[in-house]
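J.: heads up, no residue letters with this:
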């Protein structure tokens, strides 16, 4: 027994020496240059509080060797004979470092036009910008942290071993991955077990390696149980422990010219990269997805009467929703069926009950309309909130879908209805009031119903689904962008890697898509089909995120391998407007859903986005019950997916 244990310790010691030897050889093989890495367009944020502005200075990030000592350096752009330029980005209260953008706030809201960054350069004396330059020996680098100070902008924060953080760095033209790969010639970056955004730096030397081996707990995994398992099966036990070492050092051992996307699956014993942080992955978790099925669309729902009983009740609402999801609605029936989809009429209401509902809702609508109509100009002058809502509405109404004959021309009755319904909604939901974008949601509804009262109550039903998109905090929008990142990371990690390398991993260019449900991306006629499909809430509440995934994947060939940077990616996405084929996107989104739900090892966060698993307090207390419940829901969803796929195959394209 004692001899076996001693043999095991000797064997482990030999493996330690071998790995250390290989790492030292690999490190010594690196060709030494004075300039190892350089990247322009890296902005240092001074956090200077001057007139409520955040000062950023453009410069270079470099890895240099001075007398054989590698160091990470940042310096501002060199003086061109005048002054070193800096960039001052205006900042709204409560926001940090938002770029100025090329839009007229009196004409279009900031989400409406996805535009490139406009650099309004001011002049800062060389001495003032130069004082921010730094040089940090890599032996003194303690950690790197990815931080997000505002929507759509990521920063890298370096901390020295003395505990002093350096000013945040923003890679405006991308390049964080290239920097990390260069750093790994000199140091090991290990994800913190308590903070997925934090990576600790270890030098490539034997002392640090010994600490790293100890950190992996190779010899204290179960105590005496490990020894007994080793005696029983030394080969399996030893390699089971050293599988941790393989994954831990894989990034350091990988040749610098190896593809970034050819990474092995992450060992489950190591901390995983959180799904809510797009990019910055040194250790990633691969998902083995099965084949993506072919999906066909069905015919529009065209026979409404067969779904009504003798009293006018809808006999099978779920079947109606399924048919609408599969093929949309015949245009002549939209006016009636939309009122069910948007909650104006309950599915189980009779014809008589719906007449009563319409009468009550008509009275309620005009009572609210009278409230704002009766406000005199003198009163409104003392009500800045109402006056602000009116000004926004009047401006937006004059530019909403004016190409459509229902809203075209001057003094058009459609414009008056659009204005009045939006003003009445302000009285209905005064806390939210009017936010730019709501006119885009109302115009198709008003076009279909051709009725002021019905369009108002259908709008309120629509807003029940998306009202959080318009809240000032934008928390719902941020959450949806994170959820979209979770899905795309599982579906196409290579595309995620590319976007993140160009500082576009936050997917901020999808903001407009999600805010108003692709209203500006498809034609007016296509939007009528898309929205009625989404209102069914099939096959999941977040189907609109799957549509966004389908659009992004349809563009991967135009993006990956191209020379697109942050700005040109935004420009390319913006120019997709009116060029997307809706039916292809709907087929693609449903195929993605079927592919994901059939995956046996679907990550928990993907399950949550798709509504396959909802955590509860009891689940947190009982991991076993959580696992069984997840499997049960997945089994149900997979059965439904199989049925849906079968229905697709039998439907007409």
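T.: Everything's here; your move. Owing to the predicted nature of the structure, the values given are computational and were not obtained by experimental measurement.
J.: report the buried residues of stretch 424-435.
T.: Neighbour counts over stretch 424-435 (16 or more other Cβ atoms under 10 Å) mark 424, 425, 426, 427, 428, 432, 433, 434, 435 as buried. Every residue, glycine included, has its C-beta placed from N, CA and C.
J.: make JSON lines from the residues you listed and add distance to residue 572, pLDDT and secondary structure to it.
T.: Shown next, in JSON lines, are the buried residues of stretch 424-435 (distance: Cβ to Cβ, whole Å; pLDDT from 0 to 100; DSSP: H, G, I helix; E, B strand; the rest coil):
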{"residue": "424", "distance to residue 572": "40", "pLDDT": "97", "secondary structure": "helix"}
{"residue": "425", "distance to residue 572": "35", "pLDDT": "97", "secondary structure": "helix"}
{"residue": "426", "distance to residue 572": "37", "pLDDT": "95", "secondary structure": "helix"}
{"residue": "427", "distance to residue 572": "42", "pLDDT": "94", "secondary structure": "helix"}
{"residue": "428", "distance to residue 572": "39", "pLDDT": "96", "secondary structure": "helix"}
{"residue": "432", "distance to residue 572": "33", "pLDDT": "93", "secondary structure": "coil"}
{"residue": "433", "distance to residue 572": "35", "pLDDT": "93", "secondary structure": "coil"}
{"residue": "434", "distance to residue 572": "32", "pLDDT": "95", "secondary structure": "coil"}
{"residue": "435", "distance to residue 572": "28", "pLDDT": "93", "secondary structure": "coil"}
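J.: report how many residues lie close to residue 503.
T.: Close neighbours of residue 503, defined as other Cβ atoms under 10 Å, add up to 24.
J.: in the longest strand seen in the chain, what's buried?
T.: Longest strand of the chain, by residue count under DSSP state E: strand 53-66. Within strand 53-66, the residues scored as buried using 16+ other Cβ under 10 Å are 54, 55, 56, 57, 58, 59, 60, 61, 62, 63, 64, 65.
J.: which strand residues bridge the second one?
T.: Residue 55 has the following beta-bridge partners by DSSP bridges: residue 88.
J.: how far away is it from residue 43?
T.: Using Cβ to Cβ, to the nearest Å, residue 55 is found at 10 Å from residue 43.
J.: domain-wise, how is this structure divided?
T.: As recorded under automatic domain parsing, the domains making up the chain are 1-30+184-286, 35-179, 332-469, 473-650.
J.: returning to what we had before: could the buried residues of stretch 424-435 be laid out in JSON lines, adding distance to residue 333?
T.: What follows is the buried residues of stretch 424-435, written out as JSON lines (distance: Cβ to Cβ, whole Å):
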{"residue": "424", "distance to residue 333": "27"}
{"residue": "425", "distance to residue 333": "26"}
{"residue": "426", "distance to residue 333": "31"}
{"residue": "427", "distance to residue 333": "31"}
{"residue": "428", "distance to residue 333": "27"}
{"residue": "432", "distance to residue 333": "31"}
{"residue": "433", "distance to residue 333": "33"}
{"residue": "434", "distance to residue 333": "31"}
{"residue": "435", "distance to residue 333": "31"}
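J.: quick one: residue 446 from residue 422, how far?
T.: From residue 446 across to residue 422, the span is 10 Å (Cβ to Cβ).
J.: now the end-to-end length of stretch 400-408.
T.: The first residue of stretch 400-408 is 9 Å away from its last residue (Cα to Cα, to the nearest Å).
J.: stretch 512-531 now?
T.: Start-to-end, stretch 512-531 (Cα to Cα) is 15 Å.
J.: for that stretch, what is the average pLDDT?
T.: For stretch 512-531, mean pLDDT is 96.
J.: would you mind pulling the contact partners of that stretch?
T.: Residues from elsewhere that reach stretch 512-531, judged by Cβ atoms under 8 Å, 6 or more residues apart in numbering: 111-112, 114, 328, 331, 334, 401, 403-404, 437, 440-441, 444, 447-448, 466, 469-470, 477, 480-481, 484, 534, 544-545, 547-548, 551, 576-578, 580, 582, 586.
J.: and with 6 Å instead?
T.: Applying Cβ atoms under 6 Å, 6 or more residues apart in numbering, the external contacts of stretch 512-531 come out as 111, 328, 404, 437, 440, 444, 469, 480, 544, 548, 577, 582.
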